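Visitor: predicted coordinates and the sequence they were generated for:
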Amino acid sequence: MTGSLLDRERTVAPAGYDRFLIPPAALAVHLSIGQAYAFSTFNLPLTRLIGIDESAPGDWTLAQVGWIFSLAIVFLGLSAAVFGRWMERVGPRKAMFTAALCFGGGFLLSALGVHLHQLWLLYVGYGMLGGCGLGIGYISPVSTLIKWFPDRPGMATGMAIMGFGGGAIIAAPLSLLLMNHFKTATTNGVFESLLSMGAIYCAFMIFGAFIVRVPPAGWQPSGWTPPAQRPALVTNANVDVDTAWHTPQFWLLWGVLCVNVTAGIGVLGQASPMIQEIFGGRVSPTAAAGFVGLLSLFNMVGRFAWASTSDYIGRRNTYMVFFVLGMILYALIPTLGKLGSVTLFVLAFAIILSMYGGGFATIPAYLRDIFGTMHVGAIHGRLLTAWSVAGVLGPVLVNYIREYQIGHGMPKAQAYSVTMYIMCGLLLVGLLCNLAMRAVDSRYHHRGIDVANPSTRTA
Amino acid sequence: MKTRLAILWLVVGIPLLWGVAKTVENALKLFQ
């Protein structure tokens, strides 16, 4: 019974179905899995499970706890790459439901790990099982949204991926609220909070899974006809996922995403100490926390705004803006620091972080333009390995170069300048990858039946 | 259909707005 409810055939929308009922399903999943970016709120409490108010002998260290998030991001990339093709076959409902069980189950296993004080249970729970939930959940609504919104694919996927940014800004205060609520003299509330969040997120994602619908075969928005003359980089053919990653276009886009994420993620992780060190004494830790919050907001808003803009100016032009404007802003940061202008510094980073989010949100529509809609979700899944690489590369670049500079006697306020210029160089690489983008050669086009849309023969 | 649309958007919109409000409250400390 449950199996049939989850089948793709049971999710086909009836005639006249309002397509704006679909984004809430995608948002329910992305708002949940976006919690991952706020997992750090648990880091310090996890190092005080025995000591409660401060770490005691036998408590886990911050370095040990830090691996939970790293594992989750690695498993996000791996599962998105591995399960993408399966997701295209079984449809969004089964994929979302699976993601809900993995993500919720990851929380429950982690809660058990906290209760038994077994760190490996958190690695397996949140890191591996939860990471799989993140990966499958992230890609599951993408191709469905693109099929429902062929006229505005950027806006549609931007809306969902905005949810991932939004998930972090919900989860950070929610985690604190729950831990404060459950805190007693004998517990710091982590066990109960993980248990509660597992149940809440699992239920919210299942809600998303049961309201998602796929459009009937051959469906098009009323009054819309595909343009007869498509722009050079927008194809009406399809490329199979296993063929796509043998094309140069896949690796150029992989480079584009990796560079864009690397440039933003390192800054996001170091935002608080960076603003305090650059403006030594003028920015308090509380104000720095406000800066981090502001960046999260711009990261979220940028996802929707830039992806929607890409529907009008084109995907390649959108990334041109990211790379050219990004280079200008990164190059200006050391000067703004020397000028002592906190406002201009904050504004520059707000724009940079909006483009970081925009890069994530625009990539599915870019993939659809280049490889068609047939396997766009699965191809997106494989491209997300770029995120895993950038997740390691970005923080390493920012942290290690800073430490190296300080170790060689450079004042803390100036230690970020070299990093900013390296970011400019990285963005130049991204710009070149983007400039090299061409339409996929027709020999790569799929000539069979689209299994997710059987009435449609492609190419 | 319109009621269903409104309910679904509210279900996802309310938590998102709560998160945005909390973050704005935090972000304002930067300018104090």
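Guide: On my side now, so go ahead. Numbering: from 1, shown residues only, chains lettered A, B, ... in the order given.
Visitor: indicate the residue of the stretch 51-200 of chain A located nearest to chain B.
Guide: Nearest to chain B in the stretch 51-200 of chain A, going by Cβ to the nearest Cβ, is residue A:170, at a distance of 3.5 Å. Every residue, glycine included, has its C-beta placed from N, CA and C.
Visitor: burial check on residue 20, number of neighbours?
Guide: Unless you meant another one, I'm taking chain A. Using other Cβ atoms under 10 Å in any protein chain shown, residue A:20 is surrounded by 15 other residues.
Visitor: other chain: chain B
Guide: By other Cβ under 10 Å, 18 other residues sit near residue B:20.
Visitor: if we can go back for a sec, thought the residue of the stretch 51-200 of chain A closest to chain B was touching residue B:17?
Guide: No: using Cβ atoms under 8 Å, residue A:170 is not in contact with residue B:17; the gap is 9.6 Å.
Visitor: neighbour count: these two, which is higher?
Guide: residue A:170 (23 against 13).
Visitor: and residue A:425, how far is that from chain B?
Guide: Going from residue A:425 to chain B by Cβ to the nearest Cβ, to the nearest Å gives 30 Å.
Visitor: what packs against the helix or strand where that residue lies?
Guide: Assigned by DSSP states H and E, residue A:425 belongs to helix A:417-435. Helix A:417-435 is packed against helix A:248-278, helix A:315-339, helix A:385-407, with contacts defined by 3 or more Cβ pairs under 8 Å, 6 or more residues apart in numbering or on different chains; DSSP states H and E.
Visitor: quick one: low-confidence parts of chain B?
Guide: Applying pLDDT under 70 to chain B flags no residue at all.
Visitor: how far away is residue A:17 from residue A:347?
Guide: 43 Å (Cβ to Cβ, to the nearest Å).
Visitor: cool, and residue A:90?
Guide: Going from residue A:90 to residue A:347 by Cβ to Cβ gives 45 Å.
Visitor: which one of these two is surrounded by more residues?
Guide: More crowded of residue A:90 and residue A:347, by other Cβ under 10 Å: residue A:90, with 18 against 15.
Visitor: which residues touch the spatially closest residue to that one that is not a sequence neighbour?
Guide: Ranked by Cβ to Cβ, 6 or more residues apart in numbering or on different chains and with sequence neighbours excluded, the top spatial neighbour of residue A:90 is residue A:8, at 6.2 Å. By Cβ atoms under 8 Å, 6 or more residues apart in numbering or on different chains, residue A:8 lies in contact with A:89-91, A:93-94, A:214, A:452.
Visitor: residue A:372 contacts residue A:237, doesn't it?
Guide: Yes: here residue A:372 reaches residue A:237: they are 5.5 Å apart, a contact under Cβ under 8 Å.
Visitor: neighbour-wise, which of these two wins?
Guide: More crowded of residue A:372 and residue A:237, by other Cβ under 10 Å: residue A:372, with 25 against 16.
Visitor: tell me how far the more buried one lies from residue A:224.
Guide: Separation of residue A:372 from residue A:224 (Cβ to Cβ): 18 Å.
Visitor: for residue A:315, same thing?
Guide: Distance from residue A:315 to residue A:224, counting by Cβ to Cβ: 19 Å.
Visitor: neighbour count winner among those two?
Guide: residue A:315 (28 against 11).
Visitor: mind telling me what element the closest residue to the more buried one other than its chain neighbours is part of?
Guide: Among residues not flanking residue A:315 along the chain, residue A:366 sits closest, at 4.0 Å (Cβ to Cβ, 6+ apart). Secondary structure assigned from DSSP H and E places residue A:366 in helix A:342-371.
Visitor: buried residues in that helix?
Guide: Within helix A:342-371, the residues that count as buried by 16 or more other Cβ atoms under 10 Å in any protein chain shown are A:342, A:345-346, A:348-371.
Visitor: got it, and stretch A:163-179?
Guide: Quick answer for stretch A:163-179 (16+ other Cβ under 10 Å): A:163-176, A:178-179.
Visitor: from those, pick the one nearest residue A:110.
Guide: Checking the buried residues of stretch A:163-179 against residue A:110 with Cβ to Cβ, the nearest one is residue A:175 at 12.6 Å.
Visitor: show the contacting residues for the closest one.
Guide: Residue A:175 makes contacts with A:38, A:41-42, A:193, A:197, as judged by Cβ under 8 Å, 6+ apart.
Visitor: just those now: which is nearest residue A:411?
Guide: Taking Cβ to Cβ as the measure, residue A:411 sits nearest to residue A:41 out of the contacts of residue A:175, at 31.5 Å.
Visitor: near chain B, which residues of the stretch 201-350 of chain A?
Guide: A:207, A:211, A:283, A:286-291, A:293-294, A:296-297, A:346 (Cβ under 8 Å from any Cβ of the partner chain).
Visitor: widest-spaced pair of those residues?
Guide: Between any two of those (Cβ to Cβ), the greatest distance is 43.8 Å, for A:211 and A:283.
Visitor: spatially central residue in chain B, please.
Guide: Centrality entry for chain B: nearest residue to the mean C-alpha point is residue B:17, 0.6 Å, by Cα atoms, centre = their mean.
Visitor: near chain A, which residues of chain B?
Guide: B:1, B:4-5, B:8-9, B:11-12, B:15-16, B:18-20, B:22-24, B:26-32.
Visitor: if we can go back for a sec, can you list the helices and strands packed on helix A:417-435 in TSV and add mean pLDDT and distance to residue A:123?
Guide: Output for the helices and strands packed on helix A:417-435, formatted as TSV (pLDDT from 0 to 100; distance: least, Cβ to Cβ, whole Å):
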stretch	mean pLDDT	distance to residue A:123
helix A:248-278	88	20
helix A:315-339	94	35
helix A:385-407	83	16
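Visitor: check the ones you listed for me and report the most buried one.
Guide: Mean neighbour count (mean count of other Cβ atoms under 10 Å in any protein chain shown) peaks for helix A:248-278 among these, with a mean of 22.
Visitor: tell me which residues touch the residue of the stretch 51-200 of chain A closest to chain B, please.
Guide: Counting by Cβ under 8 Å, 6+ apart, residue A:170 has contacts A:31, A:34-35, B:15-16, B:18-19.
Visitor: how are the helices of the stretch 51-200 of chain A distributed by residue range?
Guide: All helices of the stretch 51-200 of chain A, identified by DSSP state H, counting those that start in this stretch, fall at A:62-90, A:92-116, A:119-122, A:131-139, A:142-148, A:153-182, A:190-211.
Visitor: can you name every helix or strand that the third one contacts?
Guide: Judged by 3+ Cβ pairs under 8 Å, 6+ apart, the packing partners of helix A:119-122 are helix A:62-90, helix A:92-116.
Visitor: got those as CSV, with mean pLDDT columns?
Guide: Formatted as CSV, the helices and strands packed on helix A:119-122 follow (pLDDT from 0 to 100):
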stretch, mean pLDDT
helix A:62-90, 89
helix A:92-116, 97
